[in-house]
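Q: Provided below are the primary sequence and the corresponding predicted coordinates.
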Amino acid sequence: MIPGLVNSFLNSGGRMGQRIAILTGGGDAPGLNAAIRAIGRRALAAGDTLFGIRNGWAGMIGDGDVMTLERSRLSGILQLGGTMLGSSRVNPMKLEHGIEEVLRNIDRLKLDALVAIGGDDTLSVAARLAEHRARVVGVPKTMDNDLSITEYCIGFDSAVSVVTEALDRLHTTATSHHRVMVCEVMGRDTGWVAVMGGLAGGADMIIIPEFSVTVDEVVAHLEVRRKAGSDFSILVVAEGVEMDGLQSKNEAEGARDAFGHVQLSRRGVGENLARIIEERTGHETRATVLGHVQRGGSPTAYDRIWATRVGAKAYDLVVEGLFGEMPVVTNGTVDVASIADVVAEQRRVPRELYELAQVFY
Ligand code: F6P
């Protein structure tokens, strides 16, 4: 064996020359490229052949959409947001014979392993493929941070940083104009981004799907603050919140993505809440919808480091032949869990964290 390859061979746990593919599915998030780089660099160092599947599961449907990834393509991507592979919300489980097509493409490409980086939708497909004995490994990614078992999901920390900076900026303009500012953040079913961003940015009220509040309670809280001498307020509201008295204007239109989710940004929760607050309190109120700004731009150092760690671990799982499994972070270390268990339920914001935020209202 060539001396330089001996180390790679040992690092790879003894398997060399495997054919490994990576895909990124669902909403993009900063840190995806760091994970691709980690998996890819480990694989190439071990003498494997590396493929990138374009645009998530869409690239495994029909004739497939695949590129070969050489070492040069993995350079200069650590600090880049988005995903060099592209993404989509195409769901093979919703397509007739979709799962069969993915399995056929795995065979056709003679893949020894497929690493799927994504949130619950993307990983649910991976779990289904694993039931068919496909050689898949997962990697946790969602800026919503709501996968169960794992404490870390790629993209969450970067999103929280964006929200924090936005709240800092909203504070200076809110105090100048003595206004109420409603900041709508992402969070389909859970309020992780709202709570963590709100804690870091000193929000005066945080409204999330896990703990319901009424419009009356919001108005009452704002009045208490005014009476106590605070002539401005910053509210953070998660886009997925349901509130009595807050009729979402576009809900009935029902725009949905390929996984069947309502496009929450069209519900106008932040705008609606701001309008009602102004009507009910008489205080000038403005809404800011952070939207996809939360998913754009460079990953934070934390996201780069942990995306690298879970990516490298995913490669270990491939080498060890632990298919149907994925890296998770528990108690600050990288651990392993079955993909099916990770997608079995959503991790919701615990009351303790929500109540901690309330201390500072
Ligand atoms: O799934 C993550 C997420 O960012 C949600 O918080 C948000 O509702 C959704 O994606 C937006 O999806 P899209 O980019 O498809 O509009």
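A: Yep, that arrived.

Q: just checking, Phe51 is part of a strand?
A: Yes: membership of Phe51 in a strand is supported by DSSP: H, G, I helix; E, B strand; the rest coil.

Q: ok, the residue nearest in space to the middle of the chain - contacts?
A: With distances taken as Cα atoms, centre = their mean, the residue of the chain nearest its centroid is Thr142 (1.4 Å). Shown in contact with Thr142 (Cβ atoms under 8 Å, 6 or more residues apart in numbering): 26-27, 29, 118-120, 153-156. In this view, the C-beta of every residue, glycine as well, is placed from N, C-alpha and C.

Q: and with 10 Å instead?
A: Listed by Cβ atoms under 10 Å, 6 or more residues apart in numbering, the contact partners of Thr142 are 26-27, 29, 118-123, 150, 153-156, 159, 186, 188, 190, 192.

Q: inside strands: which ones of those residues?
A: Gly118 (DSSP state E).

Q: and the helix or strand harbouring Arg169, what does it pack against?
A: Using DSSP states H and E, Arg169 falls within helix 156-177. With contacts defined as 3 or more Cβ pairs under 10 Å, 6 or more residues apart in numbering; DSSP states H and E, the packing partners of helix 156-177 are strand 180-185, helix 192-201, strand 233-238, strand 285-289, helix 301-320.

Q: does the ligand sit close to the fourth one?
A: No: in terms of Cβ under 6 Å from any ligand atom, no part of strand 285-289 sits within range of the ligand; the closest distance is 11.6 Å.

Q: what about the residue of the stretch 51-200 of the chain found nearest the ligand, how many neighbours?
A: Residue nearest to the ligand within the stretch 51-200 of the chain (Cβ to the nearest ligand atom): Met186, separated by 3.4 Å. Applying other Cβ atoms under 10 Å, we find 27 residues neighbouring Met186.

Q: Pro327 against Lys313, yeah?
A: Yes: using Cβ atoms under 10 Å, Pro327 is in contact with Lys313, at 3.7 Å.

Q: what does this structure put close to the ligand?
A: Counting by Cβ under 6 Å from any ligand atom, the chain comes close to the ligand at 26-27, 89, 119, 142-144, 186-188, 239, 257, 263-264, 295.

Q: and those, which are buried?
A: 26-27, 89, 119, 142-144, 186-188, 239, 264, 295 (16 or more other Cβ atoms under 10 Å).

Q: flag the least confident of those residues.
A: Of all those, Leu264 carries the smallest pLDDT score, 80.

Q: just checking, that one touches Arg188?
A: Yes: using Cβ under 10 Å, Leu264 makes contact with Arg188 at a distance of 6.1 Å.

Q: which neighbours do these two share?
A: In contact with both Leu264 and Arg188: 238-240, using Cβ under 10 Å, 6+ apart.

Q: re the thing from before, if we take the residues of the chain next to the ligand, which one ends up nearest to Arg286?
A: Checking those against Arg286 by Cβ to Cβ gives Glu239 as the nearest, at 17.0 Å.

Q: thinking the closest one is in contact with Val182, fair?
A: No: using Cβ under 10 Å, Glu239 makes no contact with Val182, being 11.7 Å away.
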